[in-house]
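Engineer: Provide a 3D model corresponding to the input given below.
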Amino acid sequence: MGLKLRSFGLVEWRGLIYAGFILSFVFCCQLVLLQPLVAVAAGDAALFERVSQSVKVKKYSEALNDLNAAIEADPSLSEAYWRRASILRQLCRYEESEKSYKKFLEMKPGNSAAEKELSQLYQAQNALNSANNLFESGDFTKALEYIDKVVLVFSPACSKAKLLKVRLLISEKDYSEAISETGYILKEDENNLEALLLRGRAYYYLADHDIATRHYQKGLRLDPEHGELKKAYFGLKNLLKKTKSAEDNAGKGKLRLSVEEYKAALAMDPNHTAHNLHLHLGLCKVYVKLGRGKDAVTSCTDVLDIDEEQTEALVQRGEAKLLVEDWDGAVADLKAAAEKSPQDMNIREALSRAERSLKLSQRKDWYKILGVSKTTSISEIKKAYKKLALLWHPDKNVENREEAEAKFREIAAAYEVLGDEEKRTRFDRGEDIEDNGMGMGEGGFNPFGGGGQQYTYHFEGGFPGGGFGGFHF
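Structural biologist: Okay, the predicted model is just below:
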């Protein structure tokens, strides 16, 4: 009986061991079969988390590489297509993005979110094309609206759109904003050649030539044969060389050569207003020194057209207007300059000269009245006076007696000044003789009596009517 029990127990134990082995085998098989599914789910989550992190720090290439590898390993991974499409849209790689969206929608038809993003892709693509066309046609403002309000909304990482925006800003002469925008681009990619070129160009148009040169040089170190960078760099170098030559020649007194150098520098880039202002002003100063008043007025006006607050241009144009005897214009310019720089004694002195010239210009030109020059001798002046006095004596001009009287008075007044050495000298110095009690002008010298020196001229045989026949020397 005891042997049976022991025998039974052995069999039982064998059965139990066998059953345990079977159960372990089954469990192991389940683990082997289920592990890939668990691993795939965990792997997908890790993949998409890694992609999200890459996009967040703008490492788009890394994100795309991960998604491309995942799709190659498992072409049925639908979400990978969607994520790739979204990144490609942000980068404005529209054709590639469209293919990925369509592939995803084949696998997940009717996905409204993906369909909406595809629609945004088409809007951004059309807006970018429109912006390029508007840029070519010169409608920079409208092109900027397309870039800011559509393209960079749906494709915020679009390098083409960002660079086009900078070109538009430069075309609009918004150089500070262009510098700011290229700063963001270079922060992401410090070796972006087009950004270096455009940023250098913005500094160039602000006349910050040193910084512009550094940007061009950095770009050329990266690509020594870059056509636009070479053109910009050597163009700036030649402009500065020509400008220095013009200034040096002006300083050495080689004024005519300086004029030619300034003109050549201005012809190099008519759009470079910030620097051309300096060139126009330099040219104006040289023209003033040469006595070429009309040309000087033109050059200084070019300066003031660019910047109406340029005090030095007002001063130089005032001096130029004195040369062309535009007394009123000279006073107006110099007054404006004096208001801007009230403590500048040189400007005040120039204004005083202009006001004196204006006042002198408004007095009678006695030389012109007698028809003589400033170098004419006293004896010739006397002859001229006699001739005109005979011509305009009222008794000989009965029909136009009133006009003749006025003319006769004017002739006599002219002779009173020019026939006297002292008075003539003072007149030639620009002294205001009329304010010194000389009795000229309206209500002043009267050859018919009433003050001043009396002139009596005996005409042989007298004049008909006898009214003025008593005048004699």
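Engineer: The nearest residue to Glu181 once chain neighbours are set aside: which element?
Structural biologist: Leaving out its chain neighbours, the residue that sits closest to Glu181 by Cβ to Cβ, 6 or more residues apart in numbering is Val166, at 5.1 Å. Bear in mind the C-beta positions are built from the backbone N, C-alpha and C, glycine included. With elements taken from DSSP states H and E, the one containing Val166 is helix 159-171.
Engineer: That helix - contacts with which helices or strands?
Structural biologist: Applying 3 or more Cβ pairs under 8 Å, 6 or more residues apart in numbering; DSSP states H and E, we find helix 159-171 packed against helix 112-137, helix 140-146, helix 152-154, helix 175-188, helix 193-205.
Engineer: how much does the fourth one deviate in direction from helix 159-171?
Structural biologist: It refers to helix 175-188. Between helix 175-188 and helix 159-171, the angle comes out at 160 degrees (axes from the mean of the first three to the mean of the last three Cα atoms, to 10 degrees).
Engineer: avg pLDDT for helix 175-188?
Structural biologist: For helix 175-188, mean pLDDT is 96.
Engineer: Let me know which of the helices and strands packed on helix 159-171 is tucked in deepest.
Structural biologist: Mean neighbours per residue, mean count of other Cβ atoms under 10 Å, is largest over those for helix 193-205, with a mean of 24.
Engineer: Which residues does it contact?
Structural biologist: Contacts of helix 193-205 from elsewhere in the structure, counted by Cβ atoms under 8 Å, 6 or more residues apart in numbering, are 163, 166-167, 169-170, 173, 175-176, 178-179, 182-183, 185-186, 189, 209, 211-216, 218-219, 222-223, 226, 228-229, 232, 236, 271-274.
Engineer: hang on, Ala131 packs against Ile147?
Structural biologist: Yes. In this structure, Ala131 is within contact of Ile147 by Cβ atoms under 8 Å, at 5.2 Å.
Engineer: if we can go back for a sec, which one, of the helices and strands packed on helix 159-171, ends up nearest to Val324?
Structural biologist: helix 193-205 (33.6 Å; Cβ to Cβ).
Engineer: how about the helix or strand following that closest one: buried residues?
Structural biologist: Once helix 193-205 ends, the next helix or strand along the chain (criterion: DSSP H and E) is helix 209-222. By neighbour count on 16 or more other Cβ atoms under 10 Å, the buried set for helix 209-222 is His209, Ala212, Thr213, His215, Tyr216, Lys218, Gly219, Leu220.
Engineer: quick revisit: same list, the helices and strands packed on helix 159-171, but as CSV with distance to Lys383 please.
Structural biologist: Formatted as CSV, the helices and strands packed on helix 159-171 follow (distance: least, Cβ to Cβ, whole Å):
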stretch, distance to Lys383
helix 112-137, 75
helix 140-146, 73
helix 152-154, 88
helix 175-188, 70
helix 193-205, 67
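Engineer: Out of those helices, which is closest to Leu314?
Structural biologist: helix 193-205 (24.7 Å).
Engineer: Give the rounded mean pLDDT of the closest one.
Structural biologist: 98.
Engineer: Phi first, then psi, for Ser373.
Structural biologist: With angles defined as degrees, to the nearest 10, Ser373 sits at phi -100, psi 170.
Engineer: ugh, typo on my part, it should be Asp269
Structural biologist: Note on Asp269: its backbone torsions stand at phi -150, psi 90 [degrees, to the nearest 10].
Engineer: State the distance from it to Asp305.
Structural biologist: Asp269 is 17 Å from Asp305, where distance means Cβ to Cβ, to the nearest Å.
Engineer: do the same with Ser258
Structural biologist: Going from Ser258 to Asp305 by Cβ to Cβ gives 22 Å.
Engineer: hang on, the earlier thing: is the residue nearest to Glu181 in contact with Ala178, as I believe?
Structural biologist: Yes. The criterion here is Cβ under 8 Å, and Val166 meets it with Ala178 at 5.0 Å.
Engineer: which helices and strands sit right next to the helix or strand containing Cys284?
Structural biologist: Here Cys284 sits within helix 273-290, counting by DSSP H and E. When contacts are defined as 3+ Cβ pairs under 8 Å, 6+ apart, helix 273-290 packs onto helix 227-251, helix 255-268, helix 293-306, helix 311-323.
Engineer: give me that answer again for 10 Å
Structural biologist: Other helices and strands packing on helix 273-290, by 3 or more Cβ pairs under 10 Å, 6 or more residues apart in numbering; DSSP states H and E, are helix 193-205, helix 227-251, helix 255-268, helix 293-306, helix 311-323.
Engineer: So for it, what gets flagged as buried?
Structural biologist: Buried, per 16+ other Cβ under 10 Å, within helix 273-290: 273-288.
Engineer: from these, which is closest to Arg429?
Structural biologist: Scanning the buried residues of helix 273-290 for proximity to Arg429, where the rule is Cβ to Cβ, the winner is Val288, at 24.0 Å.
Engineer: List the contacts of that closest one.
Structural biologist: By Cβ atoms under 10 Å, 6 or more residues apart in numbering, Val288 lies in contact with 295-297, 299-300, 315-320, 322-323.
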